[in-house]
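Participant: sequence first, predicted coordinates after that:
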Amino acid sequence: MAKVLAISSHVARGHVGLDASVPGLQHLGHEVWALPTVLLASRPGLGRLVKYEVPSADLSAMLAALEADGCWKSLDGVLTGYFPSPQSVLVAARAVARIKAANPQAVILVDPVMGDNGGLYVAQTTAEAVRDALMPLASIATPNLFELSWLTGARIAHPVEVPPAARQLSTPTVIVTSAWQSPQAVGTMLIARDLRLEREMPKRADIPNGAGDLFAGLLLGNLLLGGDYSAALDSSLATLDRVLGESSGHDVLQLSALRAP
């Protein structure tokens, strides 16, 4: 069992952010310390958009309390996701830097949750803070295709253009979700300095939000179990596909499907 600090959004209804990544990590047996950056009644698009941003000073105080308790050296991994402001990004980045100093072996997974479908859904200053302050600290990043394009400034019109774009990032390992799509399949691509992996899974109709968050949790969780990238990617995608298959047509991810039949 590994110990993981997860920093992202929390919703009361609808499995996105921490409410997707944390169950994925816990399903694999890990202990998770979850800190929300924002609280929402329902995920965007599901119900009334009532949200409360956790002030960056409060987020900083909670992280400082964990550090003062001597927690950083015991962490095996960190997962970051959605941030509502550049200030909250900088608070998290400072904490991640101190975690890496306390335990250089800790795996840092940054899911740069900033946009999709051709546009940002966070403020540009927030996206810039993720790019400039958080991404350089990451061991692994899991952008979708739009996020990769935004982070690098590259125009990506074909899957062959994904690896050179990913290698522009300072992150050693980049896993691009929805790297390509066809009517039947969705592709995922892993790019590292000496490794390139490509996988396809069936394209599911009417899928609720949260698949990327769940994938990030599963991937980090499988890597922390000691698997190599190929095995961790295959296991994570197989579990994700099982959940998405059960979730088609539902309003929220059916996380009960994490348990294999």
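Facilitator: Great, that's in hand. Everything numeric here is computed off the predicted structure, so don't read it as measured data.

Participant: could you measure from the nearest residue to residue 72 once chain neighbours are set aside over to residue 73?
Facilitator: Excluding the flanking residues, the one nearest residue 72 by CB to CB, 6 or more residues apart in numbering is residue 102, at 3.8 Å. Where you see a C-beta, it was placed from the backbone N, CA and C, and this is true even at glycine. Applying CB to CB, to the nearest Å, the value for residue 102 to residue 73 is 4 Å.

Participant: more neighbours: those two, which one.
Facilitator: It is residue 102, of residue 102 and residue 73, that has more neighbours when counted by other CB atoms under 10 Å, with 15 against 11.

Participant: if I read this right, the more buried one contacts residue 66, doesn't it?
Facilitator: No: taking CB atoms under 8 Å as the definition, residue 102 is not a contact partner of residue 66, at 11.1 Å.

Participant: okay, and for the chain, where does confidence drop off?
Facilitator: Scanning the chain for pLDDT under 70 picks out 261.

Participant: show me where it has strands.
Facilitator: For the chain, the strands defined by DSSP state E occupy 3-13, 31-42, 51-53, 77-80, 107-110, 115-116, 119-120, 140-141, 173-181, 185-192, 195-202.

Participant: ok, which of the ones you listed comes nearest residue 148?
Facilitator: Residue 148 lies closest to strand 173-181 among the strands of the chain, at 5.5 Å (CB to CB).

Participant: quick one, that closest one and strand 185-192 angle?
Facilitator: Going by axes from the mean of the first three to the mean of the last three CA atoms, to 10 degrees, strand 173-181 is angled at 160 degrees with respect to strand 185-192.

Participant: give the buried residues for the longest helix seen in the chain.
Facilitator: The residue-count maximum for a helix in the chain (DSSP state H) belongs to helix 229-247. Across helix 229-247, burial judged by 16 or more other CB atoms under 10 Å covers 229, 232-233, 235-237, 239-244, 246-247.

Participant: kindly report the same for stretch 52-67.
Facilitator: 53, 54, 56, 59, 60, 62, 63, 66.

Participant: restricted to helices, list these.
Facilitator: 56, 59, 60, 62, 63, 66.

Participant: identify the residue spatially nearest to the first one, adjacent ones excluded.
Facilitator: Looking back up the chat, that one is residue 56. Distances taken as CB to CB, 6+ apart place residue 87 nearest to residue 56, at 3.8 Å, with adjacent residues excluded.
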